[in-house]
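J.: whatever this is, show me its structure:
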Amino acid sequence: MVTAVIRKPGQDRQFYFFSGIKYATIELDSNFQDKLIRAPYFVREEWSTFREANWGSADAVTQVPGVPNSFYVFAGGHYFRATIDPNSLKDTLQYSGVKTIESEWKPLVDAGFDTVDAAIPDPRNDDILFFFRGTQSLKYSYKENKVVAGPKPITSYWPGIGKAGFDSIDAIFKTPNGSSYYVFKGDQYARISWEGGWDTVEVNRRITREHWSALSWI
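T.: Numbers count the residues shown, from 1 in each chain. Alright, predicted model coming up:
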């Protein structure tokens, strides 16, 4: 299954896809056709931040809102913030490395999100992150460090994801094609359109390996 996806710095159409202890670089063209750019490698062998954190995999990876080339990684009840140099592609831990989610995101934990399945920035507002855990989702103010909406069931908060047939997700990311996003759950995926408000279905859920040649390794 796909556990997380983030854009490769300096490449509008290339993305890092994580699945368990491995990751690969995949490109999406303007017609949503996928291409494997770099074969899967073990995350710890390629990412110094994961080695320093003593992690082999992650539950969720998401861009820091409004901060290019910076990202959050969540695993269990912990997280770290890191940056990737767009020239060397070297990743570096920031802000003292691994911390508990509760120590820095207490309102998130108080809302029942002591672990994170997926997260995505609001495309209209650099202050907002949407978090997913189990069948719930919430809206979080990054600057104010508080929950501003939710938690609510994903099927009602994200009607497009619900109509696609998912009540929970493992990963979500913005494609380079307009307002289209991919969501993944288990061995399936769907595509939605989202501009920060209600989402709508573009492609109903399908088996990932039947439609993503670049993900035959997951």
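
J.: residue 93 falls within a strand, correct?
T.: Yes. According to DSSP: H, G, I helix; E, B strand; the rest coil, the state of residue 93 is that of a strand.

J.: gap between it and residue 138?
T.: 26 Å (CB to CB, to the nearest Å). From N, CA and C alone the C-beta is placed, and that goes for glycine too.

J.: comparing these two, which residue is more hemmed in?
T.: residue 138 (21 against 17; other CB atoms under 10 Å).

J.: that one reaches residue 151, doesn't it?
T.: Yes. The pair residue 138 / residue 151 is scored as a contact, 4.4 Å apart, by CB atoms under 8 Å.

J.: and the contacts of the helix or strand bottoming out on mean pLDDT in the chain?
T.: One helix or strand of the chain scores below all others by mean pLDDT, DSSP states H and E: helix 154-157, with a mean of 91. The set of residues external to helix 154-157 that reach it, using CB atoms under 8 Å, 6 or more residues apart in numbering, is 132, 135, 136, 137, 150, 161, 162, 166, 167, 168, 169.

J.: number of nearby residues for residue 63?
T.: Residue 63 has 19 neighbours, counted by other CB under 10 Å.

J.: ditto for the one 10 residues further on
T.: Per other CB under 10 Å, the neighbour tally for residue 73 reads 27.

J.: what about residue 190, which helix or strand?
T.: strand 188-193 (DSSP states H and E).

J.: pull out the buried positions in that strand.
T.: Across strand 188-193, burial judged by 16 or more other CB atoms under 10 Å covers 188, 189, 190, 191, 192.

J.: list the residues that contact the last one.
T.: The contact partners of residue 192, taken as CB under 8 Å, 6+ apart, are 158, 160, 161, 164, 180, 181, 182, 183, 199, 200, 201, 202.
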